[in-house]
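Asks: Here is a sequence together with a model predicted from it:
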Amino acid sequence: MATKATRRTQAERTEATTGALVEAARELFAQNGYEATSLAAVGAQAAVTKGAVYHHFSGKRQLFEAVFTGEVERLTAKLVAAYGRKKDPWAAFQAACLAFLDECRDPGLQRIVLLDASTAIGWEQVRRIEAPLLALMETAITRAAKAGRIAARPPEPLASFIFGALCETAMAVARAEDQPTAHQRAVRETRRILDGLAKS
């Protein structure tokens, strides 16, 4: 019993330290960007040594990947919630798409997800981690087509098209000098495009 209790305590300590490191890294990556953030700074922010950082993560790339994964998971939860507030399947899909653009206005998310991720961990790894988002879009498109709200079609091409367009639009907003105006225009155009796909 004592051994099991000790193991459980060690596991809990490991989880707590890992969580503290990811939280500290998220704050520093969001504020300073990937290139300007050092593992020593992350360790200091989390009140652990640089050696402790390397005990839990092989390097900055793996730590960034953990932070990026957390951002995608939080974003996914917000989009699922937005989708669930609408009964009509196409209105629900539109709500999730607009929620994506809204969430991407967060400066920290912009820096981590939109601006630094591809450089930090590579495009293929970014898309692998974002795959659940694309799968949710495919499911939502399938539901809307089955309900007769949009024309029947294989969901994958349209999901890829819309997902890519939303990501590029969010990046354009993130880089805009006047982000509020750029966001308003992005929302307006996204509504027009999605309304145009709906069956009357």
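Replies: All right, it came through fine. Numbers count the residues shown, from 1 in each chain.
Asks: Can you spell out which helices and strands pack onto the host helix or strand of residue 24?
Replies: Element membership of residue 24 [criterion: DSSP states H and E] is helix 2-32. If contacts are counted by 3 or more CB pairs under 8 Å, 6 or more residues apart in numbering; DSSP states H and E, helix 2-32 sits against helix 39-45, helix 50-56, helix 60-84, helix 107-109. (Glycine included, C-beta is placed from N, CA and C.)
Asks: who wins for proximity to residue 134 among the ones you listed?
Replies: Closest approach to residue 134 among the helices and strands packed on helix 2-32 is made by helix 60-84 (10.7 Å; CB to CB).
Asks: and the closest one, which residues are buried?
Replies: Residues 60, 63-68, 70-72, 75-76, 79, 82-83 are the ones in helix 60-84 that count as buried (16 or more other CB atoms under 10 Å).
Asks: Please apply the same query to stretch 126-140.
Replies: 126, 129, 130, 133, 134, 136, 137, 138, 140.
Asks: closest to residue 26 among those residues?
Replies: Nearest member of the buried residues of stretch 126-140 to residue 26, counting by CB to CB, is residue 129, at 14.9 Å.
Asks: any weak-confidence spans in the chain?
Replies: Residues of the chain meeting the criterion pLDDT under 70: 1-8, 10.
Asks: And the chain, what are its domain boundaries?
Replies: Domain ranges of the chain: 1-57, 59-197, per automatic domain parsing.
Asks: of all those domains, which gets the most neighbours per residue?
Replies: The highest mean neighbour count among the domains of the chain, using mean count of other CB atoms under 10 Å, belongs to domain 59-197: a mean of 16.
Asks: end to end, how far does that one reach?
Replies: 45 Å (CA to CA, to the nearest Å).
Asks: Need the contact partners of the host helix or strand of residue 196.
Replies: Taking DSSP H and E as the criterion, residue 196 maps to helix 179-197. For helix 179-197, the external contacting residues (CB atoms under 8 Å, 6 or more residues apart in numbering) are 90, 93-94, 97-98, 101, 105, 150-151, 158, 162, 165-166, 169-170, 172-173, 176.
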